[in-house]
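Trainee: Could you look at this predicted model? Sequence included:
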Amino acid sequence: MDILKEATVFENAKMSHMSTSDRVVASREAKRLILAINEIYKETKDSTLMDIMKRLTAKKRKIEKRLLGRPNV
């Protein structure tokens with residue numbers, strides 16, 4: 001399962017001091033990994049895959065929160 005190795009590497013990667021374009025790339029990579037793992041999960045219903053997807057989704061949300069920035073009120 002090569003996709004799980006990629007997910008582990010992505011999960012352990014440092015996300016500090018990233019440029020905006022790096023954040024966009026990281027967000028897209030997270031989405032790609034989540035969707036690929038989801039396809040495997042649909043067939044196997046393995047709960048560890050769900051846990052991996054949840055952790056990746058949390059990291060993706062943090063990246064996207066930083067991309068959006070603070071709202072100007």
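Mentor: Arrived safely. Numbers count the residues shown, from 1 in each chain.

Trainee: now the chain, which segments are flagged as low pLDDT?
Mentor: Along the chain, the parts satisfying pLDDT under 70 run over 1.

Trainee: which residues in it form helices?
Mentor: Ranges of helices within the chain are 2-12, 20-44, 47-68, based on DSSP state H.

Trainee: Export those helices as a markdown table, with columns for mean neighbour count.
Mentor: Every C-beta, even on glycine, is put in place using the N, C-alpha and C of the backbone. Below are these laid out as a markdown table (neighbours: other C-beta atoms under 10 Å):
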| stretch | mean neighbour count |
| --- | --- |
| helix 2-12 | 13 |
| helix 20-44 | 14 |
| helix 47-68 | 14 |
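
Trainee: measure the residue positioned nearest the centre of the chain to residue 45 for me?
Mentor: In the chain, the C-alpha nearest the mean C-alpha coordinate belongs to residue 30, at 2.9 Å (C-alpha atoms, centre = their mean). Distance of residue 30 to residue 45, computed by C-beta to C-beta, to the nearest Å: 22 Å.

Trainee: swap in residue 36?
Mentor: 16 Å.

Trainee: What of residue 68?
Mentor: 34 Å.

Trainee: same question, residue 25
Mentor: Per C-beta to C-beta, residue 25 is found 31 Å from residue 45.

Trainee: Likewise for residue 21?
Mentor: Remark: distance between residue 21 and residue 45 (C-beta to C-beta) = 37 Å.

Trainee: circling back to that earlier point, just give the nearest non-adjacent residue to the residue nearest to the centre of the chain, would you?
Mentor: residue 60 (3.9 Å; C-beta to C-beta, 6 or more residues apart in numbering).

Trainee: wait, that neighbour sits on residue 34?
Mentor: Yes. At 7.1 Å, residue 60 counts as touching residue 34 under the criterion of C-beta atoms under 8 Å.

Trainee: any shared contact partners between those two?
Mentor: With contacts defined as C-beta atoms under 8 Å, 6 or more residues apart in numbering, no residue is shared by residue 60 and residue 34.

Trainee: contacting residues around the residue nearest to the centre of the chain?
Mentor: Counting by C-beta under 8 Å, 6+ apart, residue 30 has contacts 10, 56, 57, 59, 60, 63.
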